[in-house]
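In: 3D model of this:
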Amino acid sequence: MNTVNQSGNLTRSIINKSIDDALHLIDTLGFPLPPFAQWRCLDWKNADQEYDEIRECMLGWDVTDFGSKDFENIGRVLFTVRNGRPGNKHYPKEYAEKLLIDPENQRAPAHYHKSKREDIICRAGGNILVQLTKADESGFPSKKSFTVQVDGCTKRIEPGEIIRLIPGRSINIPPWYIHQFWGEEGTGISHDGKRYTLSSEISSVNDDQNDNFFLTESGERFPRIHEDESRKYYLCHEYPASE
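Out: Next comes the predicted model:
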């Protein structure tokens, strides 16, 4: 199955399959999600204003290639479980939680946040590799060493150094720390020809519209989609408005 069409856009078929694969992995590992994780389009059509927090705080499924046209290597499948919304008094949560499905070697583009602080936790399956470099005041990679906290232990590392997280381990990533992380090759649970690891992100409130700073020109947070088949699930930025 192709991940992009001739225009280079991510296909709806790979989005549907990615969510199906994620649900299979989550079920296999015994990590249940809220019921709306399995809602189909008709369920959302019938969901009234009681569910507006899910819509407006962009909870739910998030599948993207970040504009890379290379989803197998630069992409992400995740599920936002909880979040607030900056500047909106109706959603005052100051924290967020995401569950991430990590195929071996698939990663987001190198990026940093100016506001968000996050913990990346390796939950189950295989290992997570986290590569870090501190950004300077202009947002470029710094050549200076710096410290990070791994399970509460302070470590001094060099720019571009990789930290390995086995299941149960975590790392704290402050604002202005450039980072990428991915499932380590050869580890994880095998499914449909790939190996998968499950990780999670616990963070301050997540603002995907304004607080992602990519080091590559292709860093578009949400994908352009080629509708090669019918949508099975709404992504977190696609929900229809409540009636």
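In: who does the top strand by length along the chain touch, helix- and strand-wise?
Out: The strand of greatest length in the chain, counted in residues with DSSP state E as the criterion, is given as strand 194-204. Secondary-structure packing of strand 194-204 (3 or more CB pairs under 8 Å, 6 or more residues apart in numbering; DSSP states H and E): helix 12-29, strand 95-103, strand 118-124, strand 177-183, strand 189-191. To be clear about C-beta, it is placed using only N, CA and C from the backbone, and glycine gets the same treatment.
In: of all these, which one comes closest to residue 54?
Out: With CB to CB as the criterion, residue 54 lies closest to strand 95-103 of the helices and strands packed on strand 194-204, at 13.3 Å.
In: any chance of the helices and strands packed on strand 194-204 in JSON lines, plus mean neighbour count, mean pLDDT and distance to residue 144?
Out: Formatted as JSON lines, the helices and strands packed on strand 194-204 follow (neighbours: other CB atoms under 10 Å; pLDDT from 0 to 100; distance: least, CB to CB, whole Å):
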{"stretch": "helix 12-29", "mean neighbour count": "18", "mean pLDDT": "95", "distance to residue 144": "38"}
{"stretch": "strand 95-103", "mean neighbour count": "21", "mean pLDDT": "96", "distance to residue 144": "29"}
{"stretch": "strand 118-124", "mean neighbour count": "20", "mean pLDDT": "97", "distance to residue 144": "21"}
{"stretch": "strand 177-183", "mean neighbour count": "22", "mean pLDDT": "97", "distance to residue 144": "12"}
{"stretch": "strand 189-191", "mean neighbour count": "14", "mean pLDDT": "93", "distance to residue 144": "38"}
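In: buried residues, the longest strand of the chain. List them.
Out: Neighbour-count burial for strand 194-204, with 16 or more other CB atoms under 10 Å as criterion, is recorded at 195-204.
In: same check, this time on stretch 128-135
Out: Here stretch 128-135 shows 128-135 as buried, counting by 16+ other CB under 10 Å.
In: JSON lines please, covering these and showing secondary structure.
Out: Below are the buried residues of stretch 128-135 laid out as JSON lines (DSSP: H, G, I helix; E, B strand; the rest coil):
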{"residue": "128", "secondary structure": "strand"}
{"residue": "129", "secondary structure": "strand"}
{"residue": "130", "secondary structure": "strand"}
{"residue": "131", "secondary structure": "strand"}
{"residue": "132", "secondary structure": "strand"}
{"residue": "133", "secondary structure": "strand"}
{"residue": "134", "secondary structure": "strand"}
{"residue": "135", "secondary structure": "strand"}
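In: helix, strand, or coil at residue 37?
Out: Once three-state DSSP is applied, residue 37 turns out helix.
In: that one - nearest residue in space that isn't next to it in sequence?
Out: Distances taken as CB to CB, 6 or more residues apart in numbering put residue 79 closest to residue 37, at 6.2 Å, once the chain neighbours are dropped.
In: and the residue most central in space within the chain, bridged to which residues?
Out: Geometric centre of the chain, nearest residue: residue 78, 4.4 Å, by CA atoms, centre = their mean. Under DSSP bridges, the beta-bridge partners of residue 78 are residue 62, residue 100.
In: is it true that it touches residue 101?
Out: Yes. When contacts are counted by CB atoms under 8 Å, residue 78 is listed as touching residue 101 (6.8 Å).
In: what is the neighbour count of residue 56?
Out: 16 (other CB atoms under 10 Å).
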